[in-house]
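Novice: give me a 3D structure for the following:
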Amino acid sequence: MRSRETRSPPSGTVQAHGLRQWWLNLSLRVKGLIVVALPLIALMGVISANLVLQQGESNERNISTNARNLADAATQVLGDMANAETGIRGYVATRDPIFLAPYTLTLTRIGAERTSLRHAAVTAGVGRQQQTLDATTGQVLAELAQLRSATSGGTSARNLLAALLNEKTTMDRLRAQVADLAAGPNAIVAVQRDKITALQTRIELLDIAGLVLALLAGLAGVALFTSGIASRVRMNAENARRLGEGEPLEPIIPAGDEIGRVAESHLRAERLLARRSAELTAARDAAIQATQAKNSFLSSTSHELRTPLNSVLGFAQLLQLSELSEEDSDGVDRILGAGRHLLALINELIDIARIESGDLGLSLEPVLVRPVIEECCQLMAPIAAERSIQIISDDVPPALAAFADRHRLAQVLVNLISNAVKYNHRNGGITISCQEEGTGQISIMVTDTGPGLAPDDLERIFIPFERLGAEQTEIEGTGIGLPLAKALTEAMKGQLTVSSVLGQGAAFTVSLTRAPDLIHIPAPSPPPAAPVAGPNAPAGAGLTVLYIEDNPANVEVIARFLRSRPNTTLASATSGRAGLQCAVRDVPDVILLDLNLPDLQGDQVLNELKADPATAAIPVVVLSADASRGVIHRLLARGAFAYLTKPIELAELGELLDSFAWLQDQRARPAIPIVPA
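Specialist: Numbering: from 1, shown residues only. A predicted model of the protein is given here:
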């Protein structure tokens, strides 16, 4: 590592010289001391001078206050004595005791007032004058007491004239003494007032001078701070922003302080980032490619896996409809069962992949819990009956609702009930209960009477493909049902937990957010079913079907299925354009449409069919391996009559075609004339 003295200025720098370079090389600590010290020294000088002047002002105020207190105390004594004199004279003249009230009040107060006067005189340095005045006050009180006593003893006012004159003389002497005592303090107060005013003026001038001096020192410190610190900090901040956004850095002035080292670090970081940029770009491109590959895999897996299954299950269903021996029929049933199990496994794997990639579309809305539980119990009842397992559903309030995706909630409960059936004892039981929690949650609990789980296995059961050794038994399964149920529950902002006692069964609890109660409206009764066409059904109006599909095996499955249906004609097209031309030329009664075509996407074909007046009224049934709910809702909203996912259930397709055939037959029947009676 090169020393600071020998290294050359890095690129992207601007050189400084002289005093400026000296200032830049100072450390931030030294710069801070200089910047802070200048205004601080000025401020301390002003404060010290101000304190001295304020102390002098305080002393002058104390002198003035003491003098004023002395004058006030003497005046208070004189006032009370005058009130006492007036009261006694009134009493002597009228002998009415009411005139003694001022005198009595003075007696209660005069002691404290004489003490206050004594303290004020000592403080002011006029103790001798106070003693003379205090003696005169005592004499006046004594004479007033004699006048009161004589009057109370019955002496007439005429006989008390001499005593009254003597008391008046003493009182006049007290007034003179008070006036003489107060004259000095009043003069002192006047002098001190002038002194205090002068000191206040000097303090104000000093404050102004100190403010100006502190302002100048502060401006000098700010100038030094701005030139040496603030502007460079802003430049470093700007360079840090540019560095983060990948922009070229602004040129800097090299300096030996901490800010300069930070600036040099930015330059080194820029060079390092330039070297790493290619690596990061390559890594980003690889990540983008991996993400695109994963998304492409997710979008194509469903179609690619369902396409061969469509042929397997389609031809197996055709065989099932044929006249077979008992042994062959059992074999076909096994093929269908295995194929449908494989289809369910594919669906679960795709759901897990979509959840992990954040591509799972959910529609969270208030869902009535009771109908979902009843449907799941009805669906799983035949499977449970095979092992003599009873499914019991506790009474659930009909209006109880939760925020969930109805389809996914049913999928979670079916998985839990299926798991409870598979791992239960024969003749066991499964209980499904629901209760409202006090925290705004509802809990749906699926409890079984199976062997239960060990405490160490409670978390392992939610690991994909972890079956806790069940793969070595005859119990079928893949180990992804519970992980999928947990992932779906969490995607619905809920939680799936398990509790178990070994040997006594397990309880799985689905906790979801409580929704406001909903009014349960029973589903309307279905209309009378249309007559089902069959080999022996009477011939009605013919039904023409156009199947737009590029996979010959899928076309063959539908063709063989329709051969046994009377008056049903099938035409096929292997591309979107060819299908549009056939639809316009032949105007079929029903169009079966695949989404993945070699030239046009199925949704484009649907849009053009609905836009053309010649084909807009033809019902279009989408047959696709894409089972995404978003795709299904989108195409139904664009005008598709129905959406059937591959592998196609031929019975479901047959029922749909039967309804179209029945409608065609009703249109073909002549109107029955009404004969008047």
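Novice: list the contacts for the spatially most central residue of the chain?
Specialist: Centroid check for the chain by C-alpha atoms, centre = their mean gives residue 493 as the closest residue, at 15.0 Å. Contact analysis of residue 493 by C-beta atoms under 8 Å, 6 or more residues apart in numbering lists 364, 403, 512, 513. (Each C-beta comes from the backbone N, C-alpha and C, glycine too.)
Novice: if I've got this straight, it is in a strand?
Specialist: No: secondary structure of residue 493 (DSSP: H, G, I helix; E, B strand; the rest coil): coil, not part of a strand.
Novice: which two among the contacts of residue 493 are spaced furthest apart?
Specialist: Checked with C-beta to C-beta, those reach their widest spread between 364 and 512, with 9.6 Å between them.
Novice: CA atoms of stretch 324-331 as CSV?
Specialist: Output of stretch 324-331 as CSV, limited to C-alpha atoms (Å, rounded to 0.1, in the frame of the first residue of the first chain):
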residue,chain,number,x,y,z
LEU,A,324,-66.1,-55.8,-22.7
SER,A,325,-65.6,-58.9,-20.8
GLU,A,326,-65.6,-58.6,-17.0
GLU,A,327,-61.8,-59.0,-16.9
ASP,A,328,-61.3,-56.4,-19.7
SER,A,329,-63.7,-54.0,-18.0
ASP,A,330,-61.8,-54.3,-14.7
GLY,A,331,-58.6,-53.6,-16.6
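Novice: list the contacts of it.
Specialist: Stretch 324-331 has contacts (C-beta under 8 Å, 6+ apart) with 319, 320, 332.
Novice: relative to the whole chain's centre, how far out is it?
Specialist: Averaging C-alpha positions (C-alpha atoms, centre = their mean, to the nearest Å) puts stretch 324-331 62 Å from its chain's average.
Novice: same thing with stretch 322-342?
Specialist: The answer for stretch 322-342 is 55 Å, by C-alpha atoms, centre = their mean.
Novice: residue 132 contacts residue 178, correct?
Specialist: No: with contact defined as C-beta atoms under 8 Å, residue 132 and residue 178 do not form a contacting pair (10.7 Å).
Novice: between those two, which has more neighbouring residues?
Specialist: Each of residue 132 and residue 178 has its neighbours counted (other C-beta atoms under 10 Å); residue 178 has more, 24 against 14.
Novice: break down the stretch 51-200 of the chain into its helices, ranges please.
Specialist: 101-124, 127-152, 161-225 (DSSP state H, counting those that start in this stretch).
Novice: next one: the stretch 201-350 of the chain
Specialist: Counting by DSSP H, counting those that start in this stretch, the segments of the stretch 201-350 of the chain that form helices are 231-245, 258-321, 326-357.
Novice: the shortest one vs helix 161-225, what angle?
Specialist: An angle of 50 degrees separates the directions of helix 231-245 and helix 161-225 when computed by axes from the mean of the first three to the mean of the last three C-alpha atoms, to 10 degrees.
Novice: any buried residues in helix 231-245, and which?
Specialist: 232, 235, 236, 239, 240, 243 (16 or more other C-beta atoms under 10 Å).
Novice: what does stretch 101-118 give?
Specialist: 102, 103, 106, 110, 113, 114, 116, 117, 118.
Novice: which of these sits closest to residue 618?
Specialist: residue 116 (118.3 Å).
Novice: isn't that closest one up against residue 75?
Specialist: No: Residue 116 sits out of contact with residue 75 when judged by C-beta under 8 Å, with a separation of 11.6 Å.
Novice: got any residues that touch both of these two?
Specialist: By C-beta under 8 Å, 6+ apart, no residue touches both residue 116 and residue 75.
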